[in-house]
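In: A structural model of the following input is requested.
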Amino acid sequence: MRNAVSTTEPPFAVFSALGGNVRREWQNPSILTRCGARGPEWYIRYRVKVLYVADGQPAIRRVEKWRALGLCAKMTKHQAEREKDRLMREVNNQVYTIQSQMRFAVVLASFREHHIPTLAEPSQATNA
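Out: Presented below is the predicted three-dimensional model:
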């Protein structure tokens, strides 16, 4: 399980190519019902950010996901609400998930371009 929300900003300037500051978003979807293969079930609809490369530049696309929470016969709406809260904690912390989807070469290039020039001369020589 991931740690609670941190106030630490993403390292270096990797996200500057994504349109400046990456803002946090909060989703709290409604619990819905649908008829599944095993009977009526609780489910939610939410969106996740997916990182992809378009024309050689990193970009973010929001993709809708549908997630079943459980059968209506086996759980109450209150239990479904708790399951939704557990799932949405991970989704709402997605600023940090996006970093793990980037190729290491992109992070390394950004580090060399934006961070190393800010170091003193002796440190720059050891990191080159």
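
In: all strands of the chain, in order?
Out: Assigned by DSSP state E, the strands in the chain fall at 32-36, 39-54, 57-71.

In: where in the chain is pLDDT low?
Out: Under the criterion pLDDT under 70, the flagged ranges of the chain are 1-24, 94-101, 124, 126-128.

In: as JSON lines, the strands of the chain with mean neighbour count would be great.
Out: For glycine as for every other residue, the C-beta is placed from the backbone atoms N, C-alpha and C. Listed next are the strands of the chain as JSON lines, based on neighbours: other CB atoms under 10 Å:
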{"stretch": "strand 32-36", "mean neighbour count": "12"}
{"stretch": "strand 39-54", "mean neighbour count": "15"}
{"stretch": "strand 57-71", "mean neighbour count": "13"}
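
In: what is whichever helix in the chain runs longest packed up against?
Out: Using DSSP state H, we find that the single longest helix of the chain is helix 77-92. If contacts are counted by 3 or more CB pairs under 8 Å, 6 or more residues apart in numbering; DSSP states H and E, helix 77-92 sits against strand 39-54, strand 57-71.

In: before we move on, back to that, okay, the strands of the chain in CSV with distance to residue 120 next?
Out: Output for the strands of the chain, formatted as CSV (distance: least, CB to CB, whole Å):
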stretch, distance to residue 120
strand 32-36, 57
strand 39-54, 33
strand 57-71, 30
